[in-house]
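**Q** Model the following, please.
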Amino acid sequence: LNVLRRVGMGRIHQAEQQRVRQLLSGLQAIPGVRIYGDCALERTPRLGVVSFNVAGLEHGLVAAVLNDYHNVAVRSGCFCAHPYVRELLKPELWALALDPDAPDAEALLQPWRGMVRASVGLYTTPADIAALVAGIDDVRSRSEHYRALYRVDATGQFSHQSFQAPARDLFD
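**A** Predicted coordinates:
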């Protein structure tokens, strides 16, 4: 809190808004990326969070590839807002010929029910945003290459088929 006070919330907000504008601009330039929410910050203010999907790609695959190959950490899923996300995704699920209201749709929908979420903050640099945008464009343009490297489980989680960080390396 002391650091935030010293920097000043006004300056933090201004920097965050610059990064959000950069992120929105970069995402809008990539074919097939759907951004959720209004992109006109003058009309609809945003915090430093942007949720999106890439046409034809599962949110979990996009997040896994960004993490594993581009060193970019994002979240994927429904973000504790399942009913809201479900409503936002209905047009896309219908386009995939998946009826989200069908009684037997649960298993088919699992990998598709969610979004990718990128967050920016005080520590986020323009280079971080550029790396995220480049990573998304890469996974979009080489999706079949990446899809072959991953397996998806019944819950829609993607894991690399040959690479796995040993728990000992992650947790000392």
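**Q** okay, and for the protein, where does confidence drop off?
**A** Counting by pLDDT under 70, the chain contains low-confidence ranges at 78-85, 87, 89-112, 165-166, 169-170, 172.
**Q** Can you list the strands that the helix or strand residue 117 falls within pairs with?
**A** Using DSSP states H and E, residue 117 falls within strand 115-119. Taking DSSP bridges as the criterion, strand 115-119 forms sheet pairs with strand 49-54 (antiparallel), strand 75-77 (antiparallel).
**Q** who's in contact with the longest helix seen in the chain?
**A** Of all the elements of type helix in the chain, the one with the most residues (DSSP state H) is helix 9-28. Contacts of helix 9-28 from elsewhere in the structure, counted by C-beta atoms under 8 Å, 6 or more residues apart in numbering, are 4, 33, 35, 39, 41, 46-48, 50, 52, 118, 120-122, 124, 126, 129-130, 132-133, 136. For the C-beta atoms, the positions are set from N, CA and C on the backbone; glycine is no exception.
**Q** Filter the residues you listed down to just the ones in strands.
**A** 33, 35, 50, 52, 118 (DSSP state E).
**Q** out of everything not next to it in sequence, what's closest to the second one?
**A** The shortest distance from residue 35 to any residue that is not its chain neighbour, by C-beta to C-beta, 6 or more residues apart in numbering, is 4.8 Å, and that residue is residue 52.
**Q** Please report how far the one you found lies from residue 33.
**A** Taking C-beta to C-beta, to the nearest Å as the measure, residue 52 falls 6 Å from residue 33.
**Q** which residues does the residue positioned nearest the centre of the chain contact?
**A** In the chain, the C-alpha nearest the mean C-alpha coordinate belongs to residue 116, at 2.1 Å (C-alpha atoms, centre = their mean). Contacts of residue 116 were listed using C-beta under 8 Å, 6+ apart, and they are 51, 52, 53, 54, 59, 62, 63, 66, 74, 75, 76.
**Q** Residue 61 now?
**A** 111, 139, 143, 146, 147, 150, 152, 158.
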